[in-house]
Every structure is written in structure tokens, then in C-alpha cells.
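Enquirer: here you go, sequence then predicted model.
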Amino acid sequence: MSFAYVIPKFLAQGSVPLDYDLRDRFDSVVLCAEEFQDVPLPGVEVIHAPFDDGGRAPTPAEAQIAWKAAKRVAKRVNANKRVLVTCAMGLNRSGLVVGFVLIMLGFSADQAIDIIRMARPKALFNEHFVKLLKRVRPSTSESATP
């Protein structure tokens, strides 16, 4: 498992945490990789948000899964909870959810993408995910849908 903090101490993005005890590091872990939904994570809240990457645009249902997970994560971050958002490699699916979270917290899409790529340099190489992030505006993020 590898991860990097996007918001120090509170929001991290990374690969699927196989065989790791995370209870001392995180309060919640989001599992975005549909192929890794049965990861045992004792002592932490697990948020299941399974969707596919495959280098294509997410379906409307997949975008909603990512958006709903991001809303849950944003609430936790605002409550000073420590959250790790994961997917298989910690780059695209987790990046989409983290991008939505950052936009919900008031960052522009471009700022969110830059922050994510600074933390995870190879992140968000799925340009369809980037385009989806750029469709959401900070001022409308509470009521917006992707």
C-alpha cells in the first residue's frame, strides 16, 4: 500500500490497503476499486464506493457513486476525521473521489487536480475523470451533481 496526504493529517489518497492495520492512522477508508471490496479493515469505518476505471468515462451511476462517497468524506474531513480514499493503484478512481471532495471544500477543479497530482504525481491520467471534475463548480458543489 502506498498513499499520500492531500490535506495533511485528514485526507489521503492511495492504493488498496491489503494486510494493513490502519486504525492508528485513519478513522475511515473508502474502497473505490470494485475488485477490492472485501478488504478486511478492523477498527476503521469502511465506505464502499465501487466503480470501474478502464480508461473510459464513468457511467452516470458510477459518477453518482463517486459523488456520494465524496460527500461522506467531505463531512468527515470537516469533522476533523482522518480519511484514506483508495483504489487499486491509488491514482484514478480515488483521484476522482478526492477531487470531488476538494471541490466540495471550496477548491476549483484545476486547484483540486493540481493538489492531487502534487501528492500523487501519476494520478488522474484518465482524462474522462479530469473532464468530469472540471464540470463541477465550487459555488454549486453542495447542490451539484457530476
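Expert: Received, thanks.

Enquirer: what about this protein, any weak spots by pLDDT?
Expert: Within the chain, the stretches with pLDDT under 70 are 138-146.

Enquirer: for the chain, what's the longest helix?
Expert: Ranked by residue count and defined by DSSP state H, the top helix of the chain is helix 60-78.

Enquirer: so what's the gap between the following helix or strand past that helix and the chain middle?
Expert: For helix 60-78, the following helix or strand on the C-terminal side (DSSP states H and E) is strand 83-87. From the chain centre to the centre of strand 83-87 is a distance of 6 Å (CA atoms, centre = their mean, to the nearest Å).

Enquirer: which residues in this protein form helices?
Expert: Using DSSP H, the helices found in the chain span residues 60-78, 93-104, 109-119, 127-134.

Enquirer: what's the closest of those helices to F51?
Expert: The minimum distance between F51 and these falls on helix 60-78, with 3.8 Å, by CB to CB. Where you see a C-beta, it was placed from the backbone N, CA and C, and this is true even at glycine.

Enquirer: for V44, what are its contacts?
Expert: L22, R23, F26, D27, S28, V29 (CB atoms under 8 Å, 6 or more residues apart in numbering).

Enquirer: these two touch, right, the fourth one and V83?
Expert: Yes. With the criterion set as CB atoms under 8 Å, D27 and V83 qualify as a contacting pair; they are 6.8 Å apart.

Enquirer: how much space separates N92 from Q37?
Expert: According to CB to CB, to the nearest Å, N92 and Q37 sit 17 Å apart.

Enquirer: so A123 versus F100, what's the distance?
Expert: Separation of A123 from F100 (CB to CB): 14 Å.

Enquirer: those two: which is more packed in?
Expert: Shown here are A123 and F100; by other CB atoms under 10 Å, F100 has more neighbours (28 against 25).

Enquirer: need the helices of the chain in a markdown table (columns: distance to H48).
Expert: Formatted as a markdown table, the helices of the chain follow (distance: least, CB to CB, whole Å):
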| stretch | distance to H48 |
| --- | --- |
| helix 60-78 | 8 |
| helix 93-104 | 12 |
| helix 109-119 | 22 |
| helix 127-134 | 19 |
